[in-house]
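Q: Need a 3D model of the sequence below.
(2 chains)
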Amino acid sequence: ETGVTQSPTHLIKTRGQQVTLRCSSQSGHNTVSWYQQALGQGPQFIFQYYREEENGRGNFPPRFSGLQFPNYSSELNVNALELDDSALYLCASSLDQGSAFFGQGTRLTVV
Amino acid sequence: SQQGEEDPQALSIQEGENATMNCSYKTSINNLQWYRQNSGRGLVHLILIRSNEREKHSGRLRVTLDTSKKSSSLLITASRAADTASYFCATDGTGGGNKLTFGTGTQLKVEL
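A: Numbers count the residues shown, from 1 in each chain, chains lettered A, B, ... in the order given. Okay, here's the model as predicted:
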């Protein structure tokens, strides 16, 4: 177990709706990153938060947004859901230049 | 976009054999990390090798890094059925910070 927890485990949403995914980072870690993994693909970097500020963003539209809280937990929000947003969403926490440790992911299905 | 590719895409071996997976990447890196993923769930961190390192060991795992060829390999010795999983390499760019770029993965099946 990595100590990184994500909720919920599974989620089904309708196209056009909004969704919030949550991540609790490993104790002592100050950096949280979010990834999207489509079926059969490797994870793709969405964005990273470091000490509550966005610290880098991948090639994702603005309807993907996030937050990091003072306790370093984080949320990923996706507005105006599209069918292609169906994927496994992974959260990873790390401390500075150390290894990144992942949670078990949230499986999002958009119908 | 994917940084690189793992080779082979799929590998099937017998228990007790060694499994070797290769990873190629395109840009300069700070470090390279290998992960295992079971049945589309979370990624398990296996090993991190920094750009100034050439080889690293952890239990039955051996990782090599050749920055001149922009490639890495993961060797699993004496494989077990429990090693059946997808394996991904991920690179952290020269700026560091763990904004990882993943390869396409190798699906390893270890048969009894």
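Q: what pairs with the closest residue to A:Ser7 other than its chain neighbours across the strands?
A: Excluding its sequence neighbours, the residue lying closest to A:Ser7 (Cβ to Cβ, 6 or more residues apart in numbering or on different chains) is A:Arg22, at 5.0 Å. Using the backbone N, CA and C atoms, a C-beta is placed for each residue, glycine as well. Beta-bridge pairing of A:Arg22 under DSSP bridges involves A:Ser7, A:Glu75.
Q: got it, and B:Tyr87?
A: Counting by DSSP bridges, B:Tyr87 forms beta bridges with B:Arg36, B:Thr106.
Q: wait, it sits on B:Glu6?
A: Yes - counting by Cβ atoms under 8 Å, B:Tyr87 sits close enough to B:Glu6 to count as a contact (7.0 Å).
Q: okay, and the common contacts of those two?
A: B:21, B:105-106 (Cβ atoms under 8 Å, 6 or more residues apart in numbering or on different chains).
Q: Give me the lowest-pLDDT entry from the residues you listed.
A: Lowest pLDDT within the shared contacts of B:Tyr87 and B:Glu6 is found at B:Gly105 (93).
Q: quick one: that one and chain A, what's the gap?
A: Between B:Gly105 and chain A the distance is 5 Å, computed by Cβ to the nearest Cβ, to the nearest Å.
Q: What parts of chain B come near chain A?
A: Residues of chain B lying close to chain A by Cβ under 8 Å from any Cβ of the partner chain are B:1-2, B:30-31, B:33, B:35, B:40-45, B:48, B:88, B:90, B:96-105.
Q: Identify the residue of chain A closest to chain B, quick one.
A: For chain A, the nearest residue to chain B under the criterion Cβ to the nearest Cβ is A:Gly42, separated by 3.4 Å.
Q: Helix or strand: which one has that residue?
A: Assigned by DSSP states H and E, A:Gly42 belongs to neither a helix nor a strand.
Q: got the contact list for it?
A: A:Gly42 is in contact with B:2, B:88, B:90, B:102-105, counting by Cβ under 8 Å, 6+ apart.
Q: can you pull up the bridge partners for the residue positioned nearest the centre of chain A?
A: Closest residue to the average C-alpha location of chain A: A:Trp34 at 3.4 Å, with Cα atoms, centre = their mean. Going by DSSP bridges, A:Trp34 is paired in beta bridges with A:Phe47, A:Cys91.
Q: Tell me, what's the model's pLDDT at it?
A: A:Trp34 is given a pLDDT of 97.
Q: is it true that it touches A:Asn77?
A: No - with contacts counted by Cβ under 8 Å, A:Trp34 stays clear of A:Asn77, the gap being 10.4 Å.
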